[in-house]
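J.: from the sequence below, what's the structure:
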Amino acid sequence: MKPVLIARAQRFLIGTALLSVVLVLFAYKTSTEHVDSVAQTLSTATFLQRVDELFSAIQDAETGQRGYLLTGRRAYLVPFLNAQQELPGRFREIDKLAAQNGVPQSQLNQLHALVEEKLQELEKTVRLEAQTGHQAALAEVETDRGHRLMEQIRTIVRSMKESQQRTFQDRVRTQQRRQRLLDTVLICAIGVTLLFLFLASQLSSRFADEQAAVEREIRRLNVGLENRVQARTAELEASAAELKRRSSELEKSNADLTQFAYVASHDLQEPLRMVGSYMGLLEKRYGPVLDERAKMYIQFALQGAARMQTLINDLLQYSRAGTQPLQKRTVSSAEVVQTALKNLELAIRESSADIHYGWLPAVHADPTKLTQVFQNLIGNSIKFHKPGQKPEIDIRAERANNEWIFSISDNGIGFDTAYQDRIYEIFQRLHGAGEYTGNGIGLAICRRIVEHHGGRLWAESAVGAGAVFHFSLPADVTVPPSAKVADSSA
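T.: Model prediction:
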């Protein structure tokens, strides 16, 4: 295959890989919004159903009361007695659903009061029937108070239902729009995947043809070698070995391409790894005929694929930081700091950093996640130290109301507080990509972990004056504080 064709195929693979990443992220966002829309629609439908059930229960109670007054048989009071027991629970569920669907609190309060008054009116007539006699109960009914209350309840229920039915229709339309958008995104994603498979199939076919041509060349050379003199046997064997090695490499390349065609639709990271593999093969196979510019382009492509894979891994790590369930337990934050320092042992030794920490409390947290927070913050203090100056890092903790405030301060290069919000965004850096290592996602992960624990993360700094990063964790009163030596260092 010509180098120009390989280069074009490589660029097209990178482009479709980027498109795949964008489509997957957009599909995730769209599906999340669609699920929220469905949940809201179901909440509205449930509210309408519960209001209908409430009104039916009141009507059944009133019907039971009338049957009792007409016949004197207590069996007719079952719906009324059931309503007395069930209505408080029904109201609790309706109140919760009403809060989710924007029902005015004034309407709910009015409905509560009318239903309570209606139950009292029903109870009064039943009590009069049982204690005083039918005429007293009938006189209470003839006041028409119960009828007026029922009409008022019916009016409020009708108003609630009309408002929520409009909300329900709006949410159904929103749900349908998001469903159409999700379908469109999924169709595009399938199209890109099919394009990947087609391109991989074409590349595999081209390499298979090239392999067959090489094998034919090997057979031709072998026939020629048989007619050469004995003096050149060693040279011919060396040539045959070289040709065999090249054939093996081509077979391996073909096998890799076949595997790539299979997994391309299952794992977004595989296309990136395949780009790196084929660029390396391209450099080996056609290195002698490529100029320096072409080799430079190959290196750019390799670096771009590696960086894209790192970015995807960072995105996955960032997503897991806020979505994986926390394995909380009572843990000594001093032990967590010690674990983080052990993980950073090489960086500490290379930079000759001095790290001090005194008393640190016990907290209720996920020790693995908390270790990641300390490791990232301490690692940043080491990384962004002043040239020629040994990093000095101090770790402290103090109680503030119902939370622990941890502080990691350093004597590094600091940053402008005008960029306070930017440093917590993923892939945002205040320095050039070549100045310091990393992809600018560590602080974003730290903030997400801390917020997942119910805390906060913020910083104080000035350019050239070092930085202090603070984060808080809820203080559990059932967790006894731990004690440590007055001053420890690493």
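J.: and stretch 363-382, how far from the chain's centre?
T.: 20 Å (Cα atoms, centre = their mean, to the nearest Å).
J.: so which strand or helix has Gly454?
T.: Following DSSP states H and E, there is no helix or strand that holds Gly454.
J.: quickly note the distance from Thr63 to Phe471.
T.: Per Cβ to Cβ, to the nearest Å, Thr63 is found 62 Å from Phe471. C-beta here means a position set from N, CA and C on the backbone, and glycine is covered the same way.
J.: neighbour-wise, which of those two wins?
T.: More neighbours surround Phe471 than the other of Thr63 and Phe471, with 25 against 13 (other Cβ atoms under 10 Å).
J.: pop out the phi and psi values for that one.
T.: phi -150, psi 150 (degrees, to the nearest 10).
J.: residue contacts, it?
T.: Neighbouring residues of Phe471 by Cβ atoms under 8 Å, 6 or more residues apart in numbering: 373, 377, 405-406, 446, 450, 455-458.
J.: among those residues, the buried ones, what's the ChimeraX command?
T.: Buried members of those, defined by 16 or more other Cβ atoms under 10 Å, are picked up in ChimeraX with:
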select :373,377,405,406,446,450,455,457
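J.: tell me which of the contacts of Phe471 fall in helices.
T.: 373, 377, 446, 450 (DSSP state H).
J.: which one of these sits closest to Ala301?
T.: Cys446 (32.4 Å; Cβ to Cβ).
J.: surely the closest one is in contact with Leu377?
T.: Yes: counting by Cβ atoms under 8 Å, Cys446 touches Leu377, with 6.3 Å between them.
J.: distance from the top helix by length along the chain to the middle of the chain?
T.: Once the chain is assigned using DSSP H, the helix that runs over the most residues is helix 145-226. Relative to the centre of its chain, helix 145-226 is centred 19 Å away, using Cα atoms, centre = their mean.
J.: so which elements touch that helix?
T.: If contacts are counted by 3 or more Cβ pairs under 8 Å, 6 or more residues apart in numbering; DSSP states H and E, helix 145-226 sits against helix 3-71, helix 105-131, helix 233-263.
J.: the inter-axis angle of the second one versus helix 3-71?
T.: Interaxial angle, helix 105-131 versus helix 3-71 (axes from the mean of the first three to the mean of the last three Cα atoms, to 10 degrees): 30 degrees.
J.: tell me which helix or strand comes right after helix 105-131.
T.: Downstream of helix 105-131 (by DSSP H and E), the next one is helix 134-142.
J.: check the offset of that following helix from the chain's centre.
T.: 65 Å.
J.: same question for stretch 217-232.
T.: Mean-position distance between stretch 217-232 and its chain equals 63 Å (Cα atoms, centre = their mean).
J.: repeat for stretch 463-473
T.: On the basis of Cα atoms, centre = their mean, stretch 463-473 is displaced by 27 Å from the centre of the chain it belongs to.
J.: got any ranges where the stretch 51-200 of the chain has weak pLDDT?
T.: Under the criterion pLDDT under 70, the flagged ranges of the stretch 51-200 of the chain are 200.
J.: and of the helices and strands packed on helix 145-226, who's closest to Leu344?
T.: helix 3-71 (31.0 Å).
J.: now do that closest one: which elements does it pack against?
T.: By 3+ Cβ pairs under 8 Å, 6+ apart, helix 3-71 packs against helix 78-101, helix 105-131, helix 134-142, helix 145-226, helix 269-286, helix 292-323.
J.: mind giving me the domain ranges of the protein?
T.: 1-227, 329-489 (automatic domain parsing).
J.: of all the ones you listed, which one is nearest Glu237?
T.: Per Cβ to Cβ, nearest to Glu237 of the domains of the chain: domain 1-227, 8.7 Å.
J.: which one is Leu138 nearest to, not counting chain neighbours?
T.: In this structure, Leu138 finds its nearest non-sequential neighbour in Leu69, 6.9 Å apart by Cβ to Cβ, 6 or more residues apart in numbering.
J.: surely that neighbour touches Ala137?
T.: Yes: because the distance of 5.7 Å satisfies Cβ under 8 Å, Leu69 is recorded as touching Ala137.
J.: need the residues touching each of those two.
T.: Residues touching both Leu69 and Ala137 (Cβ under 8 Å, 6+ apart) are 125, 129.
J.: tell me how many other residues crowd the residue nearest to Leu138.
T.: Leu69 has 18 nearby residues by other Cβ under 10 Å.
J.: do Tyr286 as well
T.: Neighbours of Tyr286 (other Cβ under 10 Å): 16.
J.: also Leu128?
T.: 19.
J.: now do Glu62
T.: Number of residues near Glu62 (other Cβ under 10 Å) recorded here: 22.
J.: shouldn't it be in contact with Glu151?
T.: No: Glu62 lies out of contact with Glu151 (Cβ under 8 Å); the separation is 11.9 Å.
J.: which SSE is Asp394 in?
T.: Assigned by DSSP H and E, Asp394 falls in strand 392-400.
J.: which residues does Met160 contact?
T.: Contacts of Met160 (Cβ under 8 Å, 6+ apart): 51, 103, 107, 111.
J.: may I ask which two of these are separated the most?
T.: Top of the distance list for those (Cβ to Cβ): Val51 and Gln107, 10.8 Å.
J.: looking at those two, which has the bigger crowd around it?
T.: In terms of neighbours (other Cβ under 10 Å), Val51 is the more surrounded of Val51 and Gln107; the figures are 22 against 15.
J.: the more buried one contacts Ile94, correct?
T.: Yes: judged on Cβ under 8 Å, Val51 makes contact with Ile94 at a distance of 6.5 Å.
J.: thinking again about what came up before, which one of the contacts of Met160 is nearest to Ile441?
T.: Val103 (42.3 Å).
J.: secondary structure class for the closest one?
T.: Secondary structure assignment for Val103 (DSSP: H, G, I helix; E, B strand; the rest coil): coil.
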